[in-house]
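Peer 1: From the sequence below, what's the structure:
(chains A and B, ligands or ions: 4)
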There are 2 protein chains.
Amino acid sequence: SATCTIADYLLERLVQLKVTNIFGVPGDFNLGFLDYIEDHPKLEWPGNCNELNAAYAADGYARVKEGSLGVLITTFGVGELSATNGVAGAFSEHVPILHIVGVPSTAQQRSKPMLHHTLGDGRYDAYHVASKQFVKADANLTDKNTAAAEIDRLLTDCVVNGRPAYLMLPTDIVHERISSKRLLTPLNVQPPENDPESEDFVCDEIVKLVDAADGDVIVLVDACTIRHNVKDETLALLEKTKFPVYAAPMGKTAVPEDYERYGGIYVGSISRPEIKEKVENAKLILSIGGLRSDFNTGNFTYQIPQNRTIELHSDHTRVQYATFEGIGMKRLLPKLTGRLQPFKDSAKLITVPKFTLPVPDEGNETISHLWLWPRVGKFFKAGDVVVAETGTSSFGILDVPLPHGAVFLSQILWGSIGWTVGSTLGAAIAARDIGLGRTILFVGDGSIQLTVQELSTMIRTGVKPIIFLLNNSGYTIERYLHGEKRRYNDIVNWKWQKLLEVMGGTEGETCQSYLVKTKTELSNLLDNEEFAKADKIQLVEMIMPMHDAPRALKVQAELSGKSNKYVA
Amino acid sequence: SATCTIADYLLERLVQLKVTNIFGVPGDFNLGFLDYIEDHPKLEWPGNCNELNAAYAADGYARVKEGSLGVLITTFGVGELSATNGVAGAFSEHVPILHIVGVPSTAQQRSKPMLHHTLGDGRYDAYHVASKQFVKADANLTDKNTAAAEIDRLLTDCVVNGRPAYLMLPTDIVHERISSKRLLTPLNVQPPENDPESEDFVCDEIVKLVDAADGDVIVLVDACTIRHNVKDETLALLEKTKFPVYAAPMGKTAVPEDYERYGGIYVGSISRPEIKEKVENAKLILSIGGLRSDFNTGNFTYQIPQNRTIELHSDHTRVQYATFEGIGMKRLLPKLTGRLQPFKDSAKLITVPKFTLPVPDEGNETISHLWLWPRVGKFFKAGDVVVAETGTSSFGILDVPLPHGAVFLSQILWGSIGWTVGSTLGAAIAARDIGLGRTILFVGDGSIQLTVQELSTMIRTGVKPIIFLLNNSGYTIERYLHGEKRRYNDIVNWKWQKLLEVMGGTEGETCQSYLVKTKTELSNLLDNEEFAKADKIQLVEMIMPMHDAPRALKVQAELSGKSNKYVA
Ligand SMILES: Cc1ncc(C[n+]2csc(CCOP(=O)(O)OP(=O)(O)O)c2C)c(N)n1
Ligand SMILES: Cc1ncc(C[n+]2csc(CCOP(=O)(O)OP(=O)(O)O)c2C)c(N)n1
Ligand SMILES: [Mg+2]
Ligand SMILES: [Mg+2]
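Peer 2: Ligands and ions are numbered 1, 2, ... in the order given. Predicted coordinates for the structure are as follows:
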């Protein structure tokens, strides 16, 4: 019967899951496996500058390529441990990435020589042990007889749960031949069916509450609506029920922001007042995929009592105070849609103020946050992928309505700065794959310094993001939290205009850099069709005041000051 | 009685241990502590671009500042996990660094809210658990009553063992006041005394063997001679006994390479033939601080039987087949010196061929490895700090005799590429502190891309390393190991000449870049006194053939091919 190498088995499974690009850095324990990738007709190896950036790229790729996963390859010890933060971030934010680590051969794992990249004390399992903290599933592929099943288990756990998995691939195992029979059956990466009786019961409970609320229900979409792939199911429910819908920051673009019944971003006390009022006064809140972290909830300032709340999660449901384990939203949502449709007439009576953000006239030329965000809002097009770095950007972008089909990426829970540079690479590659529009990044001068080298990989792979670099002379978000005038919040001012060129671009041909210091300059650039076409990688350095921040960040800083002695 | 804050207690201990610079990146869980550093008259905060680079800098600092330690500060989760590889590398290579992590307050650690930088599932201990794999000691400073003792324990364990320690510093604990009384007693960071009876016994055993060998003994110094601070004790033994001495790669500069009885680098089958013969034919080998990793031993090709070997280690001694636990070399060496001195007359009879490397005349202008290394050898001066990156550099530099008082840094066991860029920053700062000479880095075009942003911190802090960048169009060392013509071993060619300028330098004023394509160009540059003065940061891009490597790497590649199926 048919056989294939373990390397090919693994790659074939990835291709079946629609993976087209694999991120990572070569190292002598993974080189043999990389041959299989380079030789594979359907797979690309962009080749990252370092492993953390590669992990971020895999994360960005997975976020844009919904239903698929990101794949990262590193080498034993030095490589994999460089990626730890990236993998942990994917865990925290429910992103499925498979971390494949090229490790010493099975013979070496038994005899434990003092190889390079070891800790020098014979512990060959230390990295594996550490990695378990940050993944949903893990395996050391030392036995060819179980290899295929182990690969299938990891991939399934990874995609179904939206969490990273960790796979140690010994140098010799790569080439071992096994039966390829299992490949004929595609992996089932859908969440399991719910127990029908409990599911019916939960539906009944929810219908009762909606009934009692007289259809005065608002839906609040959040991170896991996106991460656990229920955007379509959610939209179907919304369209059939006409319930108004708002989004938490991490749920931004879970529902198209031009949807007529969409009211904008709810983030507790940080919300715009009209949004706060609408959400908190509803008789019932149906929360879909909620993730109540500090920055996602205005520092835990939701004014919504639990007895007015229904929470749908990927693996459980909560109705008021009762938890129903194992009732996942992927299966529950379609059932609910049918049951809730009758309420649509009463729901229609509830008005939803349009989510808009007019450009203010400040009467000066300073590029302020107050002006910047609405202004760039007018620049976005349908299907753009918008990435915002932790810092003033991730707060500023929230109030901007994105156009139809736009995809918003940010790391609001994990908040690792530098993440956007790697993830923009992955996102742009995925966007190219699936036919989305431009990839547009907003990143601070501090954050980009952490991971700047990945611009080079963007240039090499020919993706063409527009990078808006907020040059505000350092770590402005931190100045708001603590140490306004401290030197530790200063950074070195780089010559940003020459950066793309240094990293392999040819200015005017494959890349273009801009410096804008005034509102007029930025406006003109945004109105320039050549620029907007995004047919090369572009970097726009925007000079902004050191002590300016979006409204939401100012409020958040005050709130965290109250809850955190340190910052006081 | 006198009190101080816990922050001040910790910083005072560091100052007592001669720490002058603390590396790291700000984050909201460490900002309050950074205030104490910024306000401290004896401490500097260089401010790194990212956490991995900061860890590397702390490592480089500790290596140059013998007897002291490196200190690294990161923030909860995102920061600390970015540094994992750097800390693990310090563990592997016996480098004392203290990793201080700013973590949520003690109250938050109890109530476990879903804060940013958490995994979102309430596990506040996950990073701590993972970190334990890579440190000698760790603590979460939640109790002010034990804080001082815990700090002392960690610092002692760190410095005495030459390994990293991990300290979680909650935001509130920083400001707590405690008694400062313990500060009056400096920490004892010397290794413990050996048990006198066993020590005497071991001395007798060794003397017997030396006697039987008729004084035909060679000393082999290795990594831990440097890392466990027995360079002086070793030199005293050598001078009193006149035993010839050789160094393993990781022991390079443990003994000054101009020492008259020093014969060069022994690395098993990879050694230069005359060295191999001398070492392997000695009747007895006294190994000091040995660390037998693959790249440090010519892929485990020592031809020295155990019954002709005595091994001195930091915490045990091995005489032929017998292990004596707890007999550490720091205390044993001075005793041995007295006992072995009488053998000096027979030892003197053994000739030691001078360790030299003449510059060959290749009759062409290509900058080959064969020519490069001896040529730069003539450029070094007494007291230079020479840093060599994993790749062709770390192999090439081995055969070059370094001048008196030079310090050699490389990561031959851990081998994490990019390490030199961060560690050069730390090394240069430490060298400035203690009055060493220039810091000179050899780094590959592939490796520098991993950590390039730290050039910016060099510029900011005003250190002035000379950076020799080997531009050989990619990962040449890997091409020798596997995938000679594979695309995954290619990289993007950057415009290296503009790099320092982009990262904050002013060409011709604070920085200078050079491009050399021929032997003559490089020779002229090396002979230029302005250049050699190193009064600004300088980068020399050297164009070299893609498929050229130092002799030692070629042999190593063949040897690992034999032992590693993958590479075959
Ligand atoms: C890996 C990592 N290191 C440190 C931090 C702490 N941190 C959060 S925001 C920030 C500053 C960001 O500065 P910048 O990108 O310039 O943003 P802006 O000035 O627009 O606020 C820092 C250092 C972090 N979140 N992640
Ligand atoms: C963090 C890390 N990632 C990957 C590797 C695998 N690796 C070892 S050497 C090397 C290539 C180095 O290339 P370069 O710096 O250009 O050196 P040279 O061409 O002089 O050999 C790589 C990718 C590693 N050792 N460490
Ligand atoms: Mg900034
Ligand atoms: Mg190279």
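Peer 1: Please confirm that A:I151 is located within a strand.
Peer 2: No. Secondary structure of A:I151 (DSSP: H, G, I helix; E, B strand; the rest coil): helix, not part of a strand.
Peer 1: number of nearby residues for the closest residue to it other than its chain neighbours?
Peer 2: Nearest residue to A:I151, sequence neighbours excluded (CB to CB, 6 or more residues apart in numbering or on different chains): A:L10, at 5.4 Å. The C-beta positions use only the backbone N, C-alpha and C, and glycine is treated the same way. Other residues within reach of A:L10 by the criterion other CB atoms under 10 Å in any protein chain shown amount to 27.
Peer 1: how far does stretch A:484-504 stretch from start to finish?
Peer 2: End-to-end span of stretch A:484-504 (CA to CA, to the nearest Å): 36 Å.
Peer 1: Show me which residues of chain A sit near ligand 1.
Peer 2: A:389-393, A:415-418, A:444-447, A:470, A:472, A:475-478 (CB under 6 Å from any ligand atom).
Peer 1: do that again at 5 Å, thanks
Peer 2: A:391-392, A:415-417, A:444-447, A:470, A:472, A:475-477 (CB under 5 Å from any ligand atom).
Peer 1: before we move on, back to that, can you tell me the helix or strand for the residue nearest to A:I151?
Peer 2: helix A:6-16 (DSSP states H and E).
Peer 1: and the next element down the chain from that helix?
Peer 2: Next along from helix A:6-16, by DSSP H and E: strand A:23-24.
Peer 1: what about the following helix or strand past that following strand and ligand 2, any contact?
Peer 2: Sequence order places helix A:31-39 as the next helix or strand after strand A:23-24, per DSSP H and E. No. Using CB under 5 Å from any ligand atom, we find that helix A:31-39 stays clear of ligand 2, coming within 8.8 Å at best.
Peer 1: chain center to helix A:31-39: distance?
Peer 2: Distance of helix A:31-39 from the chain centroid (CA atoms, centre = their mean, to the nearest Å) equals 28 Å.
Peer 1: quick one: contacts of it?
Peer 2: A:5, A:7-8, A:11, A:22, A:26, A:43, A:45, A:73, A:100, A:102, A:169, A:171, A:174-175, B:478, B:481-483, B:486-488, B:566-567 (CB atoms under 8 Å, 6 or more residues apart in numbering or on different chains).
Peer 1: Which ones among those lie within helices?
Peer 2: A:7-8, A:11, B:478, B:481 (DSSP state H).
Peer 1: and the closest residue to A:V443 other than its chain neighbours, how many neighbours?
Peer 2: Nearest non-adjacent residue to A:V443, counting by CB to CB, 6+ apart: A:E389, 4.2 Å away. Using other CB under 10 Å, A:E389 has 32 neighbouring residues.
Peer 1: and A:E389, what does it touch?
Peer 2: Going by CB under 8 Å, 6+ apart, the list of residues near A:E389 reads A:410, A:417-420, A:441-444, A:447-448.
Peer 1: The residue of the stretch 1-150 of chain A found nearest ligand 2: what's it in contact with?
Peer 2: Proximity of the stretch 1-150 of chain A to ligand 2 (CB to the nearest ligand atom) peaks at A:G27, 3.4 Å away. Each residue near A:G27 by CB under 8 Å, 6+ apart is listed here: A:74-76, A:78-79, A:102, A:117, B:478.
Peer 1: so which of the residues you listed is the most crowded?
Peer 2: Top of the contacts of A:G27 by neighbour count (other CB under 10 Å): A:T74, with 31 neighbours.
Peer 1: Quickly note the distance from A:I100 to A:K330.
Peer 2: 27 Å (CB to CB, to the nearest Å).
Peer 1: between the two, who's got more neighbours?
Peer 2: Set A:I100 next to A:K330 and count neighbours by other CB under 10 Å: A:I100 wins out with 25 against 19.
Peer 1: who touches the more buried one in this structure?
Peer 2: A:10, A:24, A:30, A:33, A:71-74, A:167, A:169.
Peer 1: re the thing from before, closest to B:R308 among the residues of chain A next to ligand 1?
Peer 2: Nearest to B:R308 among the residues of chain A next to ligand 1: A:S416, at 53.1 Å, using CB to CB.
Peer 1: Is the lowest-mean-pLDDT helix or strand in chain A positioned near ligand 3?
Peer 2: Ranked by mean pLDDT, DSSP states H and E, the weakest helix or strand in chain A is helix A:551-563, scoring a mean of 84. No. With CB under 5 Å from the ion as the criterion, ligand 3 is not reached by helix A:551-563; the gap is at least 11.8 Å.
Peer 1: Contacts for that helix, please.
Peer 2: By CB under 8 Å, 6+ apart, helix A:551-563 touches A:267, A:269-270, A:294-295, A:298-301, A:369-370, A:392, A:395-396, A:398-399, A:477, A:480-481, A:549, A:567-568, B:28.
Peer 1: Any buried residues in that helix, and which?
Peer 2: For helix A:551-563, a neighbour-count test (16 or more other CB atoms under 10 Å in any protein chain shown) marks A:551-553, A:555-557, A:559-561, A:563 as buried.
Peer 1: how deep is A:F531 tucked in, by neighbour count?
Peer 2: 17.
Peer 1: pLDDT at it, what is it?
Peer 2: Note on A:F531: pLDDT of 98.
Peer 1: same thing with the one 3 residues further on?
Peer 2: Here the pLDDT value assigned to A:A534 is 98.
Peer 1: mind listing what the closest residue to it other than its chain neighbours touches?
Peer 2: In space, A:A534 comes closest to A:R438 once its chain neighbours are excluded; the distance is 4.5 Å by CB to CB, 6+ apart. Contacts of A:R438 were listed using CB under 8 Å, 6+ apart, and they are A:381, A:384-385, A:464-466, A:534.
Peer 1: So A:R438 versus A:S410, what's the distance?
Peer 2: For A:R438 relative to A:S410 (CB to CB), the value is 17 Å.
Peer 1: interface residues of the stretch 251-400 of chain A facing chain B?
Peer 2: Contact residues, the stretch 251-400 of chain A versus chain B (CB under 8 Å from any CB of the partner chain): A:291-295, A:300.
Peer 1: same thing but 10 Å
Peer 2: Applying CB under 10 Å from any CB of the partner chain, we find that the stretch 251-400 of chain A lies next to chain B at A:291-297, A:299-300, A:390.
Peer 1: How about stretch A:465-472 and chain B, touching?
Peer 2: No. Stretch A:465-472 lies out of reach of chain B by CB under 10 Å from any CB, never closer than 13.0 Å.
Peer 1: So what's the gap between that stretch and the chain middle?
Peer 2: The answer for stretch A:465-472 is 19 Å, by CA atoms, centre = their mean.
Peer 1: Stretch A:169-176 too?
Peer 2: For stretch A:169-176, the distance to the chain centre is 32 Å (CA atoms, centre = their mean).
Peer 1: Same question for stretch A:314-322.
Peer 2: 24 Å.
Peer 1: Residue ranges in chain A under the pLDDT threshold?
Peer 2: A:562-568 (pLDDT under 70).
Peer 1: How about it: which residue is closest to ligand 3?
Peer 2: A:G444 (3.7 Å; CB to the ion).
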